[in-house]
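1. I would like to see how this sequence folds:
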Amino acid sequence: MKKIIIGDEVFGSVEMPETANAYTVFHTVKKAYMEKMPLTPALLFSKEKIKSLSHYQKGGAQAELAELQLFIDMGTVMGFDTAEARALKQQIELTNDSAHVHLNISKRLKLLNKTRRSKTRGSYLFWDIENFGPVGPMFTHVIEKFRIGDDRIYLAANPDSLYLKRREWEAELYDYGKRLASFNFTVVDHGKNAADDFLLGEFERLRLRNADVFIMTYDRELKERFEAACHISNNLYTLGK
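-> Residues are numbered from 1 along each chain as shown. Just a heads-up that it's a prediction; the model follows:
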């Protein structure tokens with residue numbers, strides 16, 4: 001964690017990502033704040049870079065996403081608007097969703113709520129399919145590997161995403177003899193966090209104990225919400241670096 005101190009004022013702390021430019025971003029944002037400059041992603045990236053981020057990036061633009069998250073976290077702590085940065089981050093994530101298609105997800109799983117896994121009696125998956133949509137790797141590296149039954153898989157998507165992607169999702173699921181209706185699939189309301197809120201609500205409703213719980217997300221806030229709601233007897237897995 002890195003404290004944000006300007007003059008005699010201590011704003012709070014932010015988590016520093018492990019990227020080459022993280023400290024440059026940190027100090028650039030502080031300087032711009034002190035000089036009352038516009039606080040936008042243009043501080044982090046050139047116009048050409050921002051334009052290039054609208055296309056697929058090798059590696060899924062993970063460093064750029066981490067630096068945008070740092071900018072957003074600083075805005076939260078310091079009180080400046082981060083709407084433009086959040087929109088850019090979401091665009092990059094959606095554009096690079098295909099970057100995860102060939103990803104061995106199981107190698108990226110991280111035990112979030114403890115240092116050592118404990119013995120469990122079953123596995124559950126909570127999956128916002130519209131924000132993490134590679135169906136094949138999900139089956140190969142998570143569902144089949146950890147023997148997660150259909151009745152223990154919770155999926156959510158909003159109406160717009162369902163309209164645009166249903167055929168694609170169903171076609172991929174067909175290869176595994178499944179449909180969206182094979183699982184606990186729910187169409188949620190419109191809204192940025194609607195799917196997150198629904199999945200967390202289902203997790204809390206189940207009151208799981210001694211279970212392996214998989215939450216498929218790169219979203220830091222959702223990870224923290226699941227961790228806060230997770231009983232210590234469960235092993236909570238999420239996606240790490």
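2. Flag the shaky bits of the chain, pLDDT-wise.
-> Scanning the chain with the threshold set as pLDDT under 70 gives 56-60, 94-104, 131-134, 191-192, 241.
3. Would you mind giving the domain segments of it?
-> Listed domain ranges for the chain are 2-98, 105-239 (source: automatic domain parsing).
4. For those domains, give me CSV that also has mean neighbour count.
-> (C-beta placed from N, C-alpha, C; glycine too.) Putting these into CSV (neighbours: other Cβ atoms under 10 Å) gives the following:
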stretch, mean neighbour count
domain 2-98, 15
domain 105-239, 16
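5. Can you show me the helices along the chain?
-> Taking DSSP state H, the helices of the chain run over residues 22-34, 47-52, 62-78, 83-95, 135-138, 159-174, 194-206, 220-229.
6. Of those helices, which is nearest residue 12?
-> Closest of these to residue 12 is helix 62-78, at 4.2 Å (criterion: Cβ to Cβ).
7. Residue 159 and residue 141: what is the separation?
-> 29 Å (Cβ to Cβ, to the nearest Å).
8. Check residue 119 too.
-> 22 Å.
9. With distance to residue 12 as added columns, please give the helices of the chain in TSV.
-> Output for these, formatted as TSV (distance: least, Cβ to Cβ, whole Å):
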stretch	distance to residue 12
helix 22-34	13
helix 47-52	28
helix 62-78	4
helix 83-95	18
helix 135-138	36
helix 159-174	34
helix 194-206	24
helix 220-229	16
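10. Relative to residue 15, which of those helices is closest?
-> helix 62-78 (6.8 Å).
11. packing partners for the closest one?
-> The contact analysis (3 or more Cβ pairs under 8 Å, 6 or more residues apart in numbering; DSSP states H and E) places helix 62-78 against strand 2-6, strand 9-14, helix 22-34, helix 83-95.
12. Given the shortest one, what are its sheet partners and their directions?
-> Spelled out, that is strand 2-6. Its sheet considered, strand 2-6 pairs with strand 9-14 (antiparallel) by DSSP bridges.
13. So residue 125 sits against residue 152, correct?
-> Yes. Using Cβ atoms under 8 Å, residue 125 makes contact with residue 152 at a distance of 6.8 Å.
14. circling back: please name whichever of the helices and strands packed on helix 62-78 is nearest to residue 76.
-> Using Cβ to Cβ, the helices and strands packed on helix 62-78 put strand 9-14 closest to residue 76, at 8.4 Å.
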